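> Need a 3D model of the following:
(one chain, ligands or ions: 2)
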Amino acid sequence: MLSLPFLSRLYSQSVTVSITKLEHGFWVLEGSDYTTMYLIEGMKKALLIDTGRDIEGLDSLVHRITDKPLIVVLTHAHFDHAGNIGSFPAIWMHPADTVLLQREYRGTINFVNDGDKFDLGDVTIEVSHMPGHTPGSIVLLDKKNGRCFSGDAFGANHVWLQLKPHVPLQIYVQSCSKMEKLMDDGIQKLYCGHYIYAKRPYDKSYITAMRELAEALLNGTAPDAKPYPQKVGCLTPMFVTHGPATIVFDPESLHEDIINKK
Ligand SMILES: [Zn+2]
Ligand SMILES: [Zn+2]
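Residues are numbered from 1 along each chain as shown. Ligands and ions are numbered 1, 2, ... in the order given. Down below sits the predicted model:
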């Protein structure tokens with residue numbers, strides 16, 4: 001493990017990045033500000049998944065790990081995943097999340113959508129659209145190695161669905177079902193966008209618990225909701241838990257969804 005200190009531009013705090021090689025050609029980069037990036041190196045190209053919040057010199061750090069031409073892909077455009085895009089000349093992201101980009105970006109924004117593929121040489125990374133946490137959340141599939149990089153699409157123990165712009169809960173149920181199907185078809189390990197909370201990949205039982213809980217919320221059969229301690233995204237966020245899965249939601253917009261469904 002390599003640990004390097006960096007000065008944060010915004011908060012004048014020192015953000016430390018820990019780099020761990022998880023498997024051959026596959027690293028996790030963890031910021032001390034609870035952010036997570038993954039780096040995949042193929043024979044021809046490398047792909048960086050997310051850019052953290054505010055890590056000075058992320059580009060040179062990545063280029064110390066790999067000398068391959070780099071593709072940078074955002075799982076979604078929240079500031080803790082897109083904060084450092086300014087270090088890179090081009091990024092790839094889903095168009096539905098451009099409204100969430102908080103900083104001016106002078107580089108090239110390329111759009112991805114469901115089914116798009118990045119050929120890294122001996123490994124191909126495929127995009128799958130999974131709206132819920134944000135409208136443009138994607139997961140990145142490495143089918144050859146049975147891996148999925150899920151950003152915040154299914155959270156890290158908790159998924160935040162209370163944020164704006166709001167995505168109907170029914171859409172999140174569909175994303176969970178789609179992910180379950182992918183896990184039936186060979187994806188075994190799901191690496192979330194805040195690795196510190198999991199410290200291991202999730203398996204299908206996590207996604208199934210998420211889907212069951214989301215369906216129960218829609219049908220009014222979920223366990224009693226409790227107030228969520230962090231007031232993020234709305235004034236009165238609530239949460240429900242089922243096995244390993246917790247969903248944080250806005251009771252106001254959840255009600256709207258039920259009405260819209262009828
Ligand atoms: Zn997020
Ligand atoms: Zn996040």
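> so what's the closest residue to ligand 2 within the stretch 1-150 of the chain up against?
Ligand 2 sits closest to residue 80 of the stretch 1-150 of the chain, with a gap of 4.4 Å, by C-beta to the ion. For the C-beta atoms, the positions are set from N, CA and C on the backbone; glycine is no exception. In this structure, residue 80 makes contact with 33-35, 52-53, judged by C-beta atoms under 8 Å, 6 or more residues apart in numbering.
> ok, so of these, who is nearest residue 150?
residue 35 (14.8 Å; C-beta to C-beta).
> Now do the SS call for the residue of the stretch 1-150 of the chain closest to ligand 2.
At residue 80 the chain is in helix, as set by DSSP: H, G, I helix; E, B strand; the rest coil.
> Would you mind checking the contacts of residue 80 for buried ones?
Using 16 or more other C-beta atoms under 10 Å as the burial test, the contacts of residue 80 include 33, 35, 52-53 as buried.
> count of neighbours near residue 122?
Look at residue 122: counted by other C-beta atoms under 10 Å, it has 11 neighbours.
> Name the nearest residue to it, sequence neighbours excluded.
Leaving aside its chain neighbours, residue 122 sits nearest to residue 43 (4.6 Å; criterion: C-beta to C-beta, 6 or more residues apart in numbering).
> That neighbour reaches residue 124, doesn't it?
No - in this structure, residue 43 is not within contact of residue 124 by C-beta atoms under 8 Å, at 11.5 Å.
> When the two are compared, which one has more neighbours?
residue 124 (14 against 10).
> How about the contacts made by the more buried one?
Contacts of residue 124 by C-beta under 8 Å, 6+ apart are 117-118, 142-144.
> Quick one: name the residues of the chain near ligand 1.
78, 152 (C-beta under 5 Å from the ion).
> Run through the bridge partners of the residue most central in space within the chain.
When the chain is reduced to its mean C-alpha position, the nearest residue by C-alpha atoms, centre = their mean turns out to be residue 151, at 1.1 Å. When bridges are called by DSSP bridges, residue 151 pairs up with residue 192.
> Do I have it right that it meets residue 73?
No - look at residue 151 against residue 73 with C-beta under 8 Å: they stay out of range, at 9.7 Å.
> Same question for the longest strand along the chain: list its buried residues.
Counting residues, the longest strand found in the chain (DSSP state E) is strand 14-23. Under the neighbour-count criterion of 16+ other C-beta under 10 Å, strand 14-23 has 15, 17, 19 buried.
> Which of the contacts of residue 80 sits closest to residue 65?
Looking across these and measuring by C-beta to C-beta, the closest to residue 65 is residue 52, at 14.5 Å.
> Any figure for the gap between the closest one and residue 237?
Separation of residue 52 from residue 237 (C-beta to C-beta, to the nearest Å) stands at 24 Å.
> mind listing what's buried in the helix or strand hosting residue 126?
Using DSSP states H and E, residue 126 maps to strand 124-129. In terms of neighbour count (16+ other C-beta under 10 Å), strand 124-129 has its buried residues at 125-129.
> all helices for the stretch 151-262 of the chain, in order.
Along the stretch 151-262 of the chain, counting by DSSP state H, counting those that start in this stretch, helices occupy 169-184, 204-219, 251-261.
> the inter-axis angle of the first one versus strand 124-129?
Here the directions of helix 169-184 and strand 124-129 differ by 160 degrees (axes from the mean of the first three to the mean of the last three C-alpha atoms, to 10 degrees).
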